[in-house]
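Asks: Sequence first, then the predicted structure, then my questions.
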Amino acid sequence: MTESANPKSPRPVYFLLVDDLEENLLSLEALLRQPGLILLKARSGPEALEYLLKYDVALALLDIQMPVMDGFELAELMRGSEKTRHVPIIFLTAGSADWQRRFRGYEAGAVDFLHKPIEPHMLRSKAKVFFDLFRQQQTLADQRDALALKSFENANLLEESRQAAEALKDADRRKDEFLATLAHELRNPLAPIRNGLNVLRMSQNPAIHEEVRGMMDRQVNHLVRLIDDLMDVSRVSQGKIDLRMERISIQSVIQAAVESSRSLIDANSHTLEVSVPEDDIWLRADLTRMAQTVANLLNNAAKYTPNGGHISLRAMQDSGEVVIAVTDNGLGIRRDMLNSIFDLFTQVDRSLDRSQGGLGIGLALVQRLVTLHGGHISADSAGLGQGSTFTIRLPAGDIAAVDEDKGPAADEENENTSGLNVLVVDDNLESAKTTGWMMELIGHNAFLSHDGLDALEQAKKLKPDVILLDIGLPGMNGYEVCQTLRADPAFKDTLLIAQTGWGQEKDRQLAKEAGFDHHLTKPLNMEDLSRLFTQFTNAQAGVKSLPDV
Ligand code: ADP
């Protein structure tokens, strides 16, 4: 006999019948039998106690006169045990009412007496009361358990939402901190740019003009790099960066990185020692991203080392790995921060204003890019003031692999392109005008337009070689202008370049779908633009077909 735990079918109710005479037990059983009720038949007190240990009994019907242990003794034992103390007892007595016996019976805990021969109707109606009572108790107990479970679940939910609220609060605090840092970092380069403009206006000294221009150039590059890093870190986080993996030499990575960081290193009067083996070390990597990664470490070394410091950049092969290490003798890093500096927006001792112009995203980006390459980066420092070393380990490429390098790029065959007709479309008049000036200064003919419909008209009239098209335009946006132009065979070969502030992967995709050849983010980089013009001119001359966006 096992109890059912299925809440849909009610659990059985147990009655205990105790009588030394088998025929009495059988007749009781016949009288009481009903669905959902299990009758436990004991022929003696000890057998009854065994059943009581095993089952929760709703009612015990006890014969009084039994050998070994009579009904009263059994009842007293039941009263003495925690498990059976509250089991209702009905004594079955033979003969007429015996007051003395009856008194003992109540003392022993009886709830009632029935006289033999038993009146069936009476027995059934009393039994029904206890059957129903037990069922109600069962239902109550089930409800109590369900309530306890619910309140346990609620407590868990409450704890979870408390933790979620805590995490949100933390994220909100970091976001506020980040926005404050961002505003600070964007203002920093703007101040010298504005000062520079004033100096240019007020000073006639060509040497000062030259210096101010150099300074403004550096500050604008800094601004662009901040925004590029921001965009990159969000793209890497969302898995939206596609690496252009190719077989490259570590020497080419080092060269590109040093070129990119040289001005900052020189500006702080540091010495840079580069140590790279003479024989090429190969790896499969994205050259631009790897160079960006190493340049980031060099920039940090330059930023976090007092002027006149020493920076070393070493690359070597170590068993199956390529190792790149950047060491400086600068501020150093507290040991407890060595791992967390790779977390997004982490800056050591921001409160001490140790931050040297940055958003705390450089190392997060570096780590993500290295991981994307299947590598690992670690930081080491003997402590504050003891300098730092950042070490990147990457899987080495196959040295015996066929050289995939293609020799001088076809782009280089015709580097000095000029004389292209360029239609510049931008609703920001100053942006359009300055881009037009730049086009003229590098030998092209620039035409300006400031809205979509006008751009279409001018394009039809001028048949330009190149259209630099902003996306957010009044009237008709850049995508629509591009689609309309592409639908016209006259513009089949026109170089269409999207220039926009939106640099997400989805924006590039939209530009491609609209029919653009390329997608550039503002501010336009003159080198990128010149390269695209060169490719275009070469393709037109039949040297090389145009690459995709
Ligand atoms: P940022 O330089 O923009 O603050 P990073 O993610 O590049 O952000 O660096 C995070 C922090 O790690 C920096 O704020 C700085 O405290 C510390 N750090 C990075 N590189 C060095 C270094 N070479 N020497 C000392 N501290 C460094």
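Replies: Yep, it's here.
Asks: so where's the chain uncertain?
Replies: 1-9, 95-103, 105-109, 237, 345-358, 398-417, 503, 542-549 (pLDDT under 70).
Asks: all helices of it, in order?
Replies: 22-32, 45-54, 71-80, 99-107, 120-202, 206-237, 250-267, 287-303, 362-372, 429-441, 452-462, 478-486, 505-514, 526-540 (DSSP state H).
Asks: out of everything not next to it in sequence, what's closest to the residue of the stretch 151-300 of the chain found nearest the ligand?
Replies: Nearest residue of the stretch 151-300 of the chain to the ligand: Asn300, at 3.4 Å (C-beta to the nearest ligand atom). (C-beta placed from N, C-alpha, C; glycine too.) Of all residues not flanking Asn300 in the chain, Gly362 sits nearest, at 6.3 Å (C-beta to C-beta, 6 or more residues apart in numbering).
Asks: What of Glu480?
Replies: Closest to Glu480 by C-beta to C-beta, 6+ apart is Gly452, at 6.5 Å.
Asks: highest average neighbour count across the helices of the chain?
Replies: By mean neighbour count, with neighbours taken as mean count of other C-beta atoms under 10 Å, helix 287-303 ranks first of the helices of the chain at a mean of 23.
Asks: follow-up on the earlier one: contact partners for the residue nearest to Glu480?
Replies: Listed by C-beta atoms under 8 Å, 6 or more residues apart in numbering, the contact set of Gly452 reads 425, 473-478, 480-481.
Asks: for Thr288, same thing?
Replies: Contacts of Thr288 (C-beta under 8 Å, 6+ apart): 244, 256.
Asks: ok, now with 10 Å
Replies: Contact analysis of Thr288 by C-beta atoms under 10 Å, 6 or more residues apart in numbering lists 243-244, 253, 256.
Asks: Go through the residues you listed and say which is closest to Ala487.
Replies: Arg244 (31.5 Å; C-beta to C-beta).
Asks: What count of nearby residues applies to Leu473?
Replies: Per other C-beta atoms under 10 Å, the neighbour tally for Leu473 reads 22.
Asks: how close does it get to Thr434?
Replies: 18 Å (C-beta to C-beta, to the nearest Å).
Asks: Between all of the contacts of Thr288, which two are separated the most?
Replies: So, the contacts of Thr288 by C-beta to C-beta: farthest apart are Leu243 and Ala256, at 15.5 Å.
Asks: any idea how far the ligand is from the residue lying closest to Asp470 once chain neighbours are set aside?
Replies: Excluding its sequence neighbours, the residue lying closest to Asp470 (C-beta to C-beta, 6+ apart) is Asp426, at 4.3 Å. For Asp426, the distance to the ligand equals 31 Å [C-beta to the nearest ligand atom, to the nearest Å].
Asks: shouldn't Asp426 be in contact with Ala446?
Replies: No. Counting by C-beta atoms under 10 Å, Asp426 stays clear of Ala446, with 11.5 Å between them.
Asks: shared neighbours of those two, which are they?
Replies: Residues within reach of Asp426 and of Ala446 at once, by C-beta under 10 Å, 6+ apart, are 432-433, 435-436, 468.
Asks: Closest one of these to the ligand?
Replies: Using C-beta to the nearest ligand atom, those come closest to the ligand at Thr435, 30.1 Å.
Asks: That closest one: what's it in contact with?
Replies: Here Thr435 is in contact with 422, 424-426, 428, 446, 448, 468, 470, 499, 522-524, 529 (C-beta under 10 Å, 6+ apart).
Asks: Mind giving me the ChimeraX select for the residues you listed, buried ones only?
Replies: Burial among these is assessed by 16 or more other C-beta atoms under 10 Å; the matching ChimeraX selection reads:
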select :422,424,425,426,446,448,468,470,499,522,523,524,529
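Asks: nearest to the ligand, of the contacts of Thr435?
Replies: Pro523 (20.9 Å).
Asks: From what I see, that closest one and Thr434 are in contact.
Replies: Yes. Contact criterion C-beta under 10 Å: Pro523 and Thr434 qualify, at 9.4 Å.
Asks: In the stretch 1-150 of the chain, what residue lies closest to the ligand?
Replies: Closest point on the stretch 1-150 of the chain to the ligand, by C-beta to the nearest ligand atom, is Lys150, at 46.9 Å.
Asks: residues in contact with Met78?
Replies: The contact partners of Met78, taken as C-beta under 10 Å, 6+ apart, are 16, 45, 48-49, 52, 57, 60, 62, 84-87, 89, 108-109.
Asks: can I assume Thr391 is in contact with Ile324?
Replies: Yes. Counting by C-beta under 10 Å, Ile324 is a contact partner of Thr391 at 7.3 Å.
Asks: Between these two, point out the one with more neighbours.
Replies: Ranked by neighbour count (other C-beta under 10 Å), Thr391 and Ile324 place Ile324 first, with 27 against 16.
Asks: partners of the more buried one in the sheet?
Replies: Ala315, Ile392 (DSSP bridges).
Asks: Return the distance of it relative to Leu363.
Replies: Distance from Ile324 to Leu363, by C-beta to C-beta: 15 Å.
Asks: and if you look at Lys240?
Replies: Taking C-beta to C-beta, one finds Lys240 at 20 Å from Leu363.
Asks: How about Ile38?
Replies: Taken as C-beta to C-beta, the span from Ile38 to Leu363 is 72 Å.
Asks: cool, and Leu59?
Replies: Taken as C-beta to C-beta, the span from Leu59 to Leu363 is 76 Å.
Asks: Then Asp176?
Replies: 21 Å.
Asks: and what of Pro395?
Replies: 21 Å.
Asks: Same check on Val87?
Replies: Noted for Val87: a distance of 73 Å to Leu363, by C-beta to C-beta.
Asks: Over to Asn156?
Replies: Asn156 is 37 Å from Leu363, by C-beta to C-beta.
Asks: Look at Ile64 and say how many residues are nearby.
Replies: 24.
Asks: pretty sure it is touching Gly45, no?
Replies: No. The pair Ile64 / Gly45 is not scored as a contact, 11.1 Å apart, by C-beta under 10 Å.
Asks: Asp112 is in contact with Ile89, isn't it?
Replies: Yes. Between Asp112 and Ile89 there is a contact under C-beta under 10 Å: 8.1 Å.
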